[in-house]
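[1] following is a predicted model, sequence given first.
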Amino acid sequence: MTELFKAIVTDDQDGVVKGRLTTLSLSDLPDEEVLVDVAYSTINYKDGLAVSEHSPIRIARKLPMVSGIDLAGTVMESSAAEWKPGTRVLVNGYGLSETYWGGYSQRARLKPEWLVRVPEKLSLEQSMAIGTAGYTAMLCVLAVEDHGVKPKDGPILVTGASGGVGSVAVSLLAELGYEVVASTGNIENNSAFIKGLGAASLIARDEMARESQPLESERWAGVIDCVGGSTLATALSQARYGSIVTMTGLTGGVDLHTTVMPFILRNITLQGVDSVQASQAIRQRAWQRLAEFVNLVKLGKIYTVAPLEEVPALCDQILAGAINGRVVIDMTN
Ligand SMILES: NC(=O)c1ccc[n+]([C@@H]2O[C@H](COP(=O)([O-])OP(=O)(O)OC[C@H]3O[C@@H](n4cnc5c(N)ncnc54)[C@H](OP(=O)(O)O)[C@@H]3O)[C@@H](O)[C@H]2O)c1
């Protein structure tokens with residue numbers, strides 16, 4: 001008998017593109033070399049953009065599309081010598097949910113070169129509690145470290161600090177000994193959560209999301225920006241001489257109105273961080289550091305677990321800014 005399983009498929013439903021729970025069989029899956037029994041996936045901002053009918057942009061380049069930009073599970077069958085059945089694997093990005101069927105599916109056929117071995121120290125659930133958001137946060141932290149910024153150099157600003165990337169970034173930086181200043185849209189509600197992750201202090205989003213001067217007082221030894229727009233422009237104008245500003249998100253807008261002044265007078269570096277097409281070497285470095293440095297007790301406080309059926313509603317919520325931390329999707333029921 002053909003095995004049936006559940007998936008969230010995004011399709012055009014009477015002129016509205018959105019995701020819904022569907023039943024698929026193995027013969028529906030694309031023809032790739034490694035079949036994975038998917039145990040967990042997660043909700044990321046990009047998943048909201050892909051699945052929610054309220055999304056301002058379309059992520060799927062073709063329809064129908066199984067959504068979900070990440071997954072963790074166990075290899076069931078493989079014609080690729082390096083991936084034996086029983087191996088615990090995860091995938092982030094690589095066009096999942098854009099051009100390739102993604103992680104919101106209890107079974108997935110994947111290209112062998114996309115897979116990363118789940119570090120021994122992490123359970124499959126924990127690896128997805130970190131997920132694409134946490135792996136991206138680690139890429140930003142590595143950029144700060146590689147720039148030579150040390151904890152003694154001064155505070156690191158994290159914007160969008162209550163979100164997935166932001167919350168893991170706060171936690172990782174604090175674990176590494178940095179003084180973290182967290183910018184958030186709702187200090188009253190988010191203060192206990194973000195301080196619990198290790199932030200030294202919080203500033204209101206409005207202090208950053210405003211028109212800024214080309215150069216303002218130097219504050220930040222480094223910045224991890226998840227927001228973009230005027231927030232990023234203000235962060236650039238406040239970055240200290242020789243510092244690095246990493247830029248990875250767009251929840252506050254895609255425009256960036258700035259001047260050359262911070263770059264030519266303060267020698268700062270603005271570094272874009274992309275997780276989707278990062279090389280295997282970069283991914284493995286990031287996941288090893290994550291396994292080494294993620295505080296599993298703090299991680300446990302960052303995430304909640306929800307069933308696959310709730311994905312469409314959760315995707316609406318993440319676009320509305322109504323999710324704190326991470327949501328892991330349990331694919332096993
Ligand atoms: N480049 C890459 O490879 C890559 C990878 C992962 C994620 N990303 C991007 O990084 C961003 C964060 O992703 P995520 O999964 O962490 O999303 P998320 O969980 O929704 O977090 C985003 C946070 O941004 C803040 N925010 C929301 N609306 C805002 C607004 N209008 N103005 C300013 N701040 C706002 C909120 O934090 P506060 O309430 O605390 O302010 C929110 O929690 C997204 O844009 C995502 O697409 C990029």
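    All right, it came through fine.

[2] need the residues of the chain near the ligand, please.
    Residues of the chain that fall close to the ligand, judged by Cβ under 6 Å from any ligand atom: 44-46, 132-133, 136, 160-166, 184-186, 190, 205, 209, 226-227, 231, 248-252, 273-276, 318, 321, 323. (Glycine included, C-beta is placed from N, CA and C.)

[3] swap in 5 Å and give it another go.
    Within the chain, the residues that sit near the ligand (Cβ under 5 Å from any ligand atom) are 44-46, 133, 136, 160-165, 184-185, 205, 226-227, 248-252, 274-275, 318, 321.

[4] narrow the residues you listed to those in helices?
    Members of the residues of the chain next to the ligand lying in helices (criterion: DSSP state H): Tyr45, Lys46, Ala133, Thr136, Gly164, Val165, Arg205, Ile318.

[5] what's near enough to touch the nearest residue to the second one once chain neighbours are set aside?
    Take Lys46 and drop its neighbours on the chain: the residue closest to it by Cβ to Cβ, 6 or more residues apart in numbering is Ile69, 5.4 Å away. By Cβ atoms under 8 Å, 6 or more residues apart in numbering, the contact set of Ile69 is Asn44, Lys46, Asp47, Ala50, Asn92, Gly93, Leu96, Ser97, Gly102, Gly103, Thr132, Val276.

[6] please pick the buried ones from the residues you listed.
    Neighbour-count burial (16 or more other Cβ atoms under 10 Å) is assigned, among these, to Asn44, Lys46, Asp47, Ala50, Asn92, Gly93, Leu96, Ser97, Gly102, Gly103, Thr132.

[7] separation between the closest residue to Leu265 other than its chain neighbours and Asp37?
    Once flanking residues are discounted, Leu265 sits nearest to Leu215: 6.7 Å by Cβ to Cβ, 6+ apart. Look at Leu215 and Asp37: by Cβ to Cβ, to the nearest Å, they are 54 Å apart.

[8] Leu202 should be in a helix, yeah?
    No. Counting by DSSP: H, G, I helix; E, B strand; the rest coil, Leu202 is not found in a helix; it is strand.

[9] might one say that it is in contact with Val180?
    No. Using Cβ atoms under 8 Å, Leu202 is not in contact with Val180, being 9.6 Å away.

[10] look at the two and report which has more neighbours.
    In terms of neighbours (other Cβ atoms under 10 Å), Val180 is the more surrounded of Leu202 and Val180; the figures are 25 against 18.

[11] residue contacts, the more buried one?
    Pro155, Ile156, Val158, Val170, Leu173, Ala174, Gly198, Ala199, Ala200.

[12] before we move on, what about Met128?
    Tyr40, Ser41, Thr42, Asp70, Leu71, Ala72, Leu90, Val328, Ile329.

[13] hang on, the earlier thing: which members of the ones in helices among the residues of the chain next to the ligand are the farthest-apart pair?
    Lys46 and Arg205 (20.9 Å; Cβ to Cβ).

[14] reformat the contacts of Met128 as a markdown table; add distance to Trp83.
    A markdown table is the format used below for those (distance: Cβ to Cβ, whole Å):
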| residue | distance to Trp83 |
| --- | --- |
| Tyr40 | 18 |
| Ser41 | 19 |
| Thr42 | 22 |
| Asp70 | 17 |
| Leu71 | 14 |
| Ala72 | 14 |
| Leu90 | 12 |
| Val328 | 23 |
| Ile329 | 23 |
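
[15] for those residues, which one is nearest the ligand?
    Nearest to the ligand out of the contacts of Met128 is Thr42 (Cβ to the nearest ligand atom; 8.7 Å).

[16] which residue packs closest to the closest residue to the ligand within the stretch 51-200 of the chain, ignoring adjacent ones?
    At 1.9 Å from the ligand, Gly163 is the closest residue in the stretch 51-200 of the chain, using Cβ to the nearest ligand atom. Of all residues not flanking Gly163 in the chain, Cys226 sits nearest, at 6.0 Å (Cβ to Cβ, 6+ apart).

[17] many thanks, we can stop here.
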